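**Q** predicted model follows, preceded by the sequence.
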Amino acid sequence: MLSRTADNLYWLSRYVERAEFVARILDAAHRLASLPTNYGGGETNEWASALASAGDPEVFKPLYDGINADTVSNFLAFSPQNPSSIRSCIEAARENARSVRTALTTEMWDTINGAWLELRNYEGRDLNREDFSRFLEWVKGISLTFDGSAYRTMLRNDAYWFTRLGTGLERADNTARILDVKYQILLPAHEKVGGSLDYFQWTTILREVSAFNAYHWVYRESIKPLLVADLLILNRQMPRSFANCYGMVVEHLDLIADAYGRRGASQRLASNLLARLESEDIDRIFAAGLHEFVTAFIGENNRVGAAITEQYLV
Amino acid sequence: MARVAFDEMSGLEGSPAAIREAYSQLKTWLDATPPEHFHTRRSQAELLFRRIGITFAVYGDNESTERLIPFDIIPRVLTKPEWNFLERGLKQRVTAINAFLTDIYGAQECLKAGVIPADLVYRNAHYRMEMRAFRVPHDLYVHIAGIDIVRTGENDFFVLEDNARTPSGVSYMLENREVMLRLFPDLFSRHRVAPVENYPDALLATLRSLAPTTATRDPTVVLLTPGRYNSAFYEHSFLADKLGVELVEASDLFTKDDTVYMRTTEGPRRVDVVYRRLDDDFLDPLVFRPDSVLGVPGLMNAYERGTVTLANAVGTGISDDKAVYSYMPEIVRFFTGEEPILHNVPTYRCREKDAFAYVMDHLSELVVKEVNGSGGYGMLVGPHATKREIEEFGRRLRHAPDGFIAQPTLSLSTCPTFVASGVAPRHVDLRPFVLCGADEIRIVPGGLTRVALKEGSLVVNSSQGGGTKDTWVLDG
């Protein structure tokens, strides 16, 4: 297939995934903000942390007066200046989809094009809290429909594999960004890393990766920071964990390599990373510094992305 | 505009409800259907088109870069004998055009015989000297033509334009039919409508037949688009999908050792036939416009070496030039030895002194067109123009008479059309698509009917507010 087509498919699915991620961050932040103060809610730092997880505070600063529910929600959902806003993601996804219409199934195109058309019904309107949460539900629905139609309608060939690669890499990056930010901002200064975090802030993290129910099924315990990190990093059952995302990346890179009869740097880097994740232990990670581990992972994930681009997409 | 137009449903106006045979079923249906029903169906059609993503960009329209071409839900109907006549005429015309191009880029017999003035060819912006250096594969230049035909009476059809460069609109022909089949299945059960859905197969067969002799038996065909900001991008991606070929942009192609390759995830792959939807000027920055970022450096060298076929060939613009158009009857006679089956609209060449004087005296009755214009831009429709517009145009004309031709205002036929006031006659034209392969000429029955939605308007171009209709050729 054309390198440019593969590139468009890869970015199309990355943007769809990112739109859903931003919607989850906003949803969780609204939920946390609505809690009474002594449960961890109502402080401004959930908006600062939402901003840091899902956007670039440097882009935000000159555009808005202060960090609060309204400004951050607007910036993350609708700002055309924010390249990762839900609106920008949907537009970028549609632009990519439009140039590879021939590689998409009708169902996938309908999902993206339909989302792009419907976006206008939300933009520029004064949305109340209820409208806004309906909007976030709608965004999550887009990625579900998109993934579902890709899964149900695409031929199992390189076009499908590049689509899944985009999803895997973006998802890994998103989970890592949550962990990265929550450690820097949510952890009160007097507590050491790995110490007790507020229950509601940990549950917020779980909601951000849609793992609130999953946690109990996996650990059958009350929420503990160590286990939350284990779930998000090492647990292969958890769809958004580093380990599972990398399982997915490696699987699809291998399928591509088999079909093309050649392995390259991206396969080597990705399978090394997966092997390291599989041999890791959450206590060791905490001992060595969770933040350092997460930062290193973000860097490795970017290197895999660059190798994929180099090898296939240009 | 006092002249009465021929209505394809009810014949000449004034005749007492003499519904033409082809439309008898349709007329019954129109009479029996309540207007609300049309409204519902029309909005359903619009929704379908939006969902599929059929949009086109209108240059100079700031409001939105993507707009739907209005679709009229009442089909236009042609009978089998009418179509057979058109088909014969189209084949003759395209055959003559290809022979003409082979000649002016080769032996130039028609110039020697004085069929057409030599300076009209040599001084023409669309004449490509580069093409004199070699023969194109199979001696075919125009592989895909969209020939615009207008009707003025029961048996009077005229060719308005020979679009021999990169004609567009065929996706609308195909999608209009799909939408009609979905919305009005009952109508199709009452008519035997010849299918058009085999157009992509015919196009692919045509393109494959054109592959250079050095290609493998399974030649690689690609469709070259200027990109997604082009007004016809939807059509490009639609066709590539239906053909099952890669939709490439210039950056996807490169040349090496006078051979064209595309960049794929598995490395370079050789390309044999390029169905290009990009104008000559932009094809190769090394030969044509050096500032073109839409082109492929080295493409012309590969073309000259015969390792790749371009469809259509470079330099075909000379044959659909409006000044050359006026010589088409002579060209058809010279190259086929037959009388032209399809007539030309009588044309005054402003480059000729007498014609120019006549045109200047009759501006208010004539349609004056720029020789190099297209899409309905830069033309004067005399009977519809204000006095000031006529004066202004007269000044432009006096300044450069060579650049213009003039034609009498034809009273284009009308077809019943669903408009705000209900069902009313509106003027139409027809663009059938002619495919000219190394093996045979293929034409799917029908084409794109364009309709001027404004009452009395004769301008059917989509860029000027025209719409489209499904075109039915009744088969038995």
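**A** Arrived safely.

**Q** distance of B:Val296 relative to A:Lys224?
**A** 60 Å (C-beta to C-beta, to the nearest Å). C-beta: built from backbone N, CA, C; applies to glycine.

**Q** quick one: which of these two has more around it?
**A** Using other C-beta atoms under 10 Å in any protein chain shown as the criterion, B:Val296 and A:Lys224 rank with B:Val296 on top: 29 against 15.

**Q** shouldn't that one be within a helix?
**A** No. Using DSSP: H, G, I helix; E, B strand; the rest coil, the secondary structure at B:Val296 is coil, not a helix.

**Q** show me which residues of the stretch 1-150 of chain A sit near chain B.
**A** Neighbours of chain B within the stretch 1-150 of chain A, by C-beta under 8 Å from any C-beta of the partner chain: A:1-6, A:95, A:98-99, A:101-102, A:109-110, A:113-114, A:117.

**Q** swap in the stretch 151-300 of chain A?
**A** So the stretch 151-300 of chain A meets chain B at A:158, A:162, A:256, A:260 (C-beta under 8 Å from any C-beta).

**Q** quick one: buried ones out of the residues of the stretch 1-150 of chain A next to chain B?
**A** Among these, the ones that count as buried by 16 or more other C-beta atoms under 10 Å in any protein chain shown are A:1-6, A:95, A:98-99, A:101-102, A:109-110, A:113-114.

**Q** when you compare pLDDT across the residues you listed, which one is lowest?
**A** When these are compared by pLDDT, A:Thr102 scores lowest at 77.

**Q** contacts only, for that residue.
**A** Shown in contact with A:Thr102 (C-beta atoms under 8 Å, 6 or more residues apart in numbering or on different chains): A:5, B:237, B:240-241, B:246-247.

**Q** just A:Val139 next, same as before
**A** A:19-20, A:22-23, A:86 are the contacts of A:Val139 under C-beta under 8 Å, 6+ apart.

**Q** out of the residues you listed, which comes closest to A:Thr309?
**A** A:Ala19 (21.2 Å; C-beta to C-beta).

**Q** surely B:Ile380 and B:Arg388 touch.
**A** Actually, residue B:380 is Leu rather than Ile. No. Judged on C-beta atoms under 8 Å, B:Leu380 makes no contact with B:Arg388 at a distance of 11.7 Å.

**Q** tally of neighbours for A:Ala307?
**A** If we define neighbours as other C-beta under 10 Å, then A:Ala307 has 18 of them.

**Q** I figured it was touching A:Ala265, is that so?
**A** Yes. Under the criterion of C-beta under 8 Å, A:Ala307 makes contact with A:Ala265 at 4.4 Å.

**Q** give me the common contacts of these two.
**A** What both A:Ala307 and A:Ala265 touch, as defined by C-beta under 8 Å, 6+ apart, is an empty set.

**Q** burial check on A:Val314, number of neighbours?
**A** Using other C-beta under 10 Å, A:Val314 is surrounded by 11 other residues.

**Q** for it, what are its contacts?
**A** For A:Val314, counting by C-beta under 8 Å, 6+ apart, the contacting residues are A:3, A:7, B:263.

**Q** B:Gly169 too?
**A** Going by C-beta under 8 Å, 6+ apart, B:Gly169 touches B:146, B:235, B:431, B:433, B:448, B:450, B:468.

**Q** residues near the residue lying closest to A:Arg152 once chain neighbours are set aside, how many?
**A** Excluding the flanking residues, the one nearest A:Arg152 by C-beta to C-beta, 6 or more residues apart in numbering or on different chains is A:Glu107, at 7.4 Å. Neighbour count of A:Glu107, defined by other C-beta under 10 Å: 15.

**Q** pLDDT wise, what is A:Glu107 at?
**A** A:Glu107 is assigned 89 on the pLDDT scale.

**Q** next: the one 5 residues further on.
**A** According to the predicted model, the pLDDT of A:Ile112 comes to 94.

**Q** equivalent analysis for B:Arg3, please.
**A** pLDDT, read off for B:Arg3, is 58.

**Q** how about the one 4 residues further on?
**A** You'll see B:Asp7 listed with a pLDDT of 93.

**Q** so it bridges to which residues?
**A** B:Gly11, B:Thr414 (DSSP bridges).

**Q** which ones are touching the closest residue to A:Leu234 other than its chain neighbours?
**A** Excluding the flanking residues, the one nearest A:Leu234 by C-beta to C-beta, 6+ apart is A:Ala243, at 5.2 Å. Counting by C-beta under 8 Å, 6+ apart, A:Ala243 touches A:233-236, A:274, A:277-278.

**Q** for the helix or strand where B:Tyr172 lies, which helices and strands make contact with it?
**A** Applying DSSP states H and E as the criterion places B:Tyr172 in helix B:170-183. Judged by 3 or more C-beta pairs under 8 Å, 6 or more residues apart in numbering or on different chains; DSSP states H and E, the packing partners of helix B:170-183 are helix B:35-52, strand B:71-78, helix B:185-190, helix B:199-209, helix B:233-243, strand B:448-452, strand B:466-473.

**Q** quick one: what helix or strand has the residue nearest to A:Arg152 in it?
**A** Per DSSP H and E: helix A:106-119 holds A:Glu107.

**Q** show the subsequent helix or strand relative to that helix.
**A** In N-to-C order, the element after helix A:106-119 by DSSP H and E is helix A:129-153.

**Q** ok, residue 229 - how many residues close by?
**A** All of this refers to chain A. 23.

**Q** hm, I was asking about chain B
**A** 8.

**Q** before we move on, back to that, show me the contacts of A:Val314 that map onto strands.
**A** Members of those lying in strands (criterion: DSSP state E): B:Arg263.

**Q** and the residue in the stretch 301-450 of chain B that chain A sits nearest to, what's its pLDDT?
**A** Nearest residue of the stretch 301-450 of chain B to chain A, counting by C-beta to the nearest C-beta: B:Val308, 17.1 Å away. On pLDDT, B:Val308 comes in at 96.
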